[in-house]
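1. I need the structure of the sequence given here:
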Amino acid sequence: MTVAVSIIVPCYNVAPYLDACLDSLVNQTMPDIEIICVNDGSTDDTPALLSAWARRDSRIRVIDRENGGQGAARNTGMDVAEGEYIGFADPDDYVEHSMYARLLEEARRHDADITACGYAGFFRP
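-> Numbers count the residues shown, from 1 in each chain. This next block holds a predicted model:
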């Protein structure tokens with residue numbers, strides 16, 4: 001299976017944030033994505049939440065590994081990614097509903113290897 005974009009989400013003890021992140025990813029306007037969640041040895045409810053999300057949406061793949069840090073988790077995700085492009089999201093982020101479609105459109109229009117976008121910060125009380 002080849003998809004347009006593989007989105008890699010490195011996860012370590014991020015249960016409080018996962019629902020908002022994954023909700024924003026599964027609701028992208030571009031359905032041609034895979035979401036690779038790499039559980040990096042979490043000891044909280046992260047593994048259970050990831051499993052529940054994977055059961056709800058077939059585009060979500062969960063990979064469990066021993067804790068090795070964010071970089072190692074991202075590399076694990078890249079090793080199995082099948083997308084034409086690779087995107088990254090941190091589990092405490094949520095993204096605009098058309099972000100990956102817009103990035104893909106720009107990459108293809110300009111025959112670019114890399115695209116980037118801005119962000120808006122916020123603080124939770």
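2. any weak-confidence spans in the chain?
-> Filtered on pLDDT under 70, the chain yields the residue ranges 1, 121-125.
3. ok, Ala20 to Glu106 distance?
-> Separation of Ala20 from Glu106 (CB to CB, to the nearest Å) stands at 25 Å. For every residue, glycine as well, the C-beta is placed using N, CA and C.
4. same deal with Gly77?
-> Applying CB to CB to Gly77 and Glu106 gives a distance of 22 Å.
5. what about these two, which has more around it?
-> Using other CB atoms under 10 Å as the criterion, Gly77 and Glu106 rank with Gly77 on top: 24 against 13.
6. what about that one, which SS state?
-> Here Gly77 takes the helix state, with states given by DSSP: H, G, I helix; E, B strand; the rest coil.
7. what does Asp19 give?
-> Look at Asp19: counting by three-state DSSP, its state is helix.
8. just give the closest residue to it, not the sequence neighbours.
-> With CB to CB, 6 or more residues apart in numbering as the criterion, Asp19 has its nearest non-adjacent residue at 7.1 Å, and that residue is Leu49.
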